[in-house]
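Asks: Sequence plus predicted model, see below.
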Amino acid sequence: MSTSDTEEGNFISRALSQVIGDKRRWRQYKARVKQLPPDYRAAVDGVERYLMHFGPTDGESATSLFEEVADLFERAAADGTPIRRIVGNDPVEFVDALIRNYEKGGYVAREQKRLIGAIDRAAGKENGATR
């Protein structure tokens with residue numbers, strides 16, 4: 001194995017670690033999800049896919065959020081709570097609300113704040129207000 005291969009492997013490992021956090025915790029999360037009843041597991045898989053695109057971008061927040069999802073669905077499965085009662089009629093809003101619970105949030109939250117700021121600044125200029 002060349003130094004370049006080792007460096008590339010380390011880079012990939014660091015990049016994955018930033019996205020999914022601690023590998024041990026990620027494996028534990030995946031093992032927990034695997035133990036869920038099939039319908040709950042399918043729902044978590046959908047949530048996970050969405051979070052991979054729109055969830056927190058730092059590893060610690062992402063891992064904590066995935067663990068929270070596992071906790072929620074484990075409790076619901078144990079109690080026999082229907083999936084729709086967990087996520088409601090709008091699964092996107094459900095997951096977006098989970099994301100908002102994490103301070104750093106994902107890039108979607110940052111972009112939403114930027115959009116609001118840009119509109120506020122533009123609207124202030126229209127009304128002759130100075131900021």
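Replies: Done, it's in. Numbers count the residues shown, from 1 in each chain.

Asks: And the residue nearest to the spatial centre of the chain, how close does it get to Val69?
Replies: With the centre of the chain defined as its mean C-alpha position, the nearest residue by C-alpha atoms, centre = their mean is Gly55, 2.9 Å away. Taking C-beta to C-beta, to the nearest Å as the measure, Gly55 and Val69 are separated by 10 Å. All C-beta spots, glycine's among them, are computed from the backbone N, C-alpha and C.

Asks: got it, and Asp39?
Replies: 15 Å.

Asks: who's more crowded, the two?
Replies: When neighbours are counted by other C-beta atoms under 10 Å, Asp39 and Val69 differ, and Val69 comes out ahead with 22 against 12.

Asks: OK, contacts around that one?
Replies: With contacts taken as C-beta atoms under 8 Å, 6 or more residues apart in numbering, Val69 has the following neighbours: 44, 47-48, 51, 98.

Asks: Check these for burial and list the buried ones.
Replies: In the contacts of Val69, burial by neighbour count holds for 44, 47-48, 51, 98, counting by 16 or more other C-beta atoms under 10 Å.

Asks: Would you reformat those residues as JSON lines and include distance to Asn89?
Replies: Listed next are these as JSON lines, based on distance: C-beta to C-beta, whole Å:
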{"residue": "Val44", "distance to Asn89": "18"}
{"residue": "Val47", "distance to Asn89": "15"}
{"residue": "Glu48", "distance to Asn89": "20"}
{"residue": "Leu51", "distance to Asn89": "20"}
{"residue": "Leu98", "distance to Asn89": "16"}
